[in-house]
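S.K.: I'll drop the sequence and a predicted model, then ask my questions.
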Amino acid sequence: MEVYDAVVIGAGQAGLSAAYHLKRRGISHVVLDADDAPGGAWQHRWDSLTMHDVHGIAALPDSDSPTDAAGRANVVVPAYFGSYERAHDLAVLRPVRVDRVESVLPEDGQSLLVVHAGDRSWTTRTIVNATGTWTQPYVPHYPGIGTFRGEQLHTAGYPGPDHFRGRRVVVVGGGASAVQLLGEIAPVAADTLWVTRRAPVWRTDDFTPEAGRAAVALVEDRVRRGLPPRSVVSVTGLALREQEREAERLGAYERHPMFTVIEPDGVRMPDGTSWSADTILWATGFRPAIAHLAPLHLRSEQGGIQLDHAGTTAVADPRVQLVGYGPSASTIGANRAGRAAAAGVARRLDQRSRASSA
């Protein structure tokens, strides 16, 4: 039986960064990726999302970031990731969809982890979980949600602005995705209604590096206390870009409180009025894709996975590193987390070696 020092689950930005640093340290590992091709979640994003819209992405370690500012993000980034895997000869197996990770205790008394994917499995001393959130779109339950005769979509399946031409569209959610998609939809739709649970906080000052670090620190504090992570934008506030000014002129960013019930032909507002709709677009975010880790019982009483002060090691089980989780769920954060995770793996392996020789 081959036993790896580490198995990396996921080959997005965080997973590739971790694999690079593991290889640099000489740590035996393999990367398991659920997709058919390189690119992580980027390959599934909508065609209208350009590199200009996302302001580029942070360069992977020992690499230059893509320079095609006008290209489609779902083409440019996957090509970049693919070339990076080849350039650094990273051992990525795909498609491999991990369904569970279990702990086993062999005869030597040193616990191991077994990563299962259907009838295949890999045995390892540690894992780096880099599964992100894209496969776990979140749609909250509202009364009457099953009665709506129109179309319901989540941003994970956003088909582009032309799909909404001439339609009446309810956009639900107070994050950056809602703002961006309203910017595309409002100029072509018959009408839009933006609803959120809380009034959005608009950022009017410049987003300085200091402000960014302060925002990340707030998210880090949550995961260190074992709370479910929140997005960085939840503490940075929202800002309109130039391409969203037309939607602003049309009044698309007039925020309304959440509807009380969904009806067959629309939604009922708190004041009792109805708003007829053809489509409800749920821009309500994603949840961490960590169901496969359930057998390890990593969740704290607060509902999240508590991480150490390095920001990647699970307190409940230091054999597990989490990257692209909480504060590292960004391209810059993912790179840093990949390096920290490799260091965490090295520490665990050193502790294991010392324990076996004692």
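M.R.: Ah, there it is. What you see is a predicted model, and the numbers here were worked out from it, not measured in a lab.
S.K.: Near Ser357, how many other residues are there?
M.R.: By the criterion of other Cβ atoms under 10 Å, Ser357 has 6 neighbours. C-betas here are computed from N, CA, C, even on glycine.
S.K.: Now do the contacts for it.
M.R.: Applying Cβ atoms under 8 Å, 6 or more residues apart in numbering to Ser357 gives no contacts.
S.K.: Against Gln351, how distant is it?
M.R.: 11 Å (Cβ to Cβ, to the nearest Å).
S.K.: now do Leu49
M.R.: 43 Å.
S.K.: cool, and Gln306?
M.R.: From Gln306 to Gln351 the distance is 19 Å (Cβ to Cβ).
S.K.: Among these two, which residue is more densely surrounded?
M.R.: Using other Cβ under 10 Å as the criterion, Gln306 and Gln351 rank with Gln306 on top: 19 against 11.
S.K.: Is the more buried one in contact with Thr313, as I believe?
M.R.: No: look at Gln306 against Thr313 with Cβ atoms under 8 Å: they stay out of range, at 9.7 Å.
S.K.: what sits in contact with each of the two?
M.R.: With Cβ under 8 Å, 6+ apart, Gln306 and Thr313 have no common neighbours.
S.K.: contacting residues around the residue lying closest to Arg165 once chain neighbours are set aside?
M.R.: Distance criterion Cβ to Cβ, 6 or more residues apart in numbering; nearest residue to Arg165, sequence neighbours excluded, is Val188 at 4.6 Å. Val188 is in contact with 161-162, 164-166, counting by Cβ under 8 Å, 6+ apart.
S.K.: SS state for Val188?
M.R.: Counting by DSSP: H, G, I helix; E, B strand; the rest coil, the backbone at Val188 sits in coil.
S.K.: Provide a list of residues in contact with the residue most central in space within the chain.
M.R.: Taking Cα atoms, centre = their mean as the criterion, Thr133 is the residue nearest the geometric centre of the chain, at 3.6 Å. For Thr133, the contacting residues are 41, 285-289, 324, 329, by Cβ under 8 Å, 6+ apart.
S.K.: Following the record's annotation, map out the domains of the protein.
M.R.: For the chain, automatic domain parsing gives the domain ranges 3-135+286-357, 145-202+238-282.
S.K.: between those domains, which gets nearest to Gly226?
M.R.: Closest to Gly226 of the domains of the chain is domain 3-135+286-357 (Cβ to Cβ; 3.0 Å).
S.K.: Any regions of the stretch 101-250 of the chain where pLDDT drops low?
M.R.: 107-108, 204-224, 227, 229-236 (pLDDT under 70).
S.K.: how about the helices in it?
M.R.: 176-185, 209-224, 233-236, 245-249 (DSSP state H, counting those that start in this stretch).
S.K.: before we move on, the earlier item: just the domains of the chain: most buried one?
M.R.: domain 3-135+286-357 (a mean of 19; mean count of other Cβ atoms under 10 Å).
S.K.: Show the end-to-end separation of that domain, please.
M.R.: Start to finish, the residues bounding domain 3-135+286-357 are 19 Å apart (Cα to Cα, to the nearest Å).
S.K.: how far is it from where the chain is centred?
M.R.: Averaging C-alpha positions (Cα atoms, centre = their mean, to the nearest Å) puts domain 3-135+286-357 12 Å from its chain's average.
S.K.: Ok, stretch 186-202 next?
M.R.: 23 Å.
S.K.: Can you give me the first-to-last residue distance of that stretch?
M.R.: 19 Å.
S.K.: can you check stretch 84-102 too?
M.R.: 31 Å.
S.K.: now do stretch 58-71
M.R.: So stretch 58-71: terminal residues 16 Å apart, Cα to Cα.
S.K.: tell me the contacts of Ala87?
M.R.: Applying Cβ under 8 Å, 6+ apart, the residues near Ala87 are Ser63.
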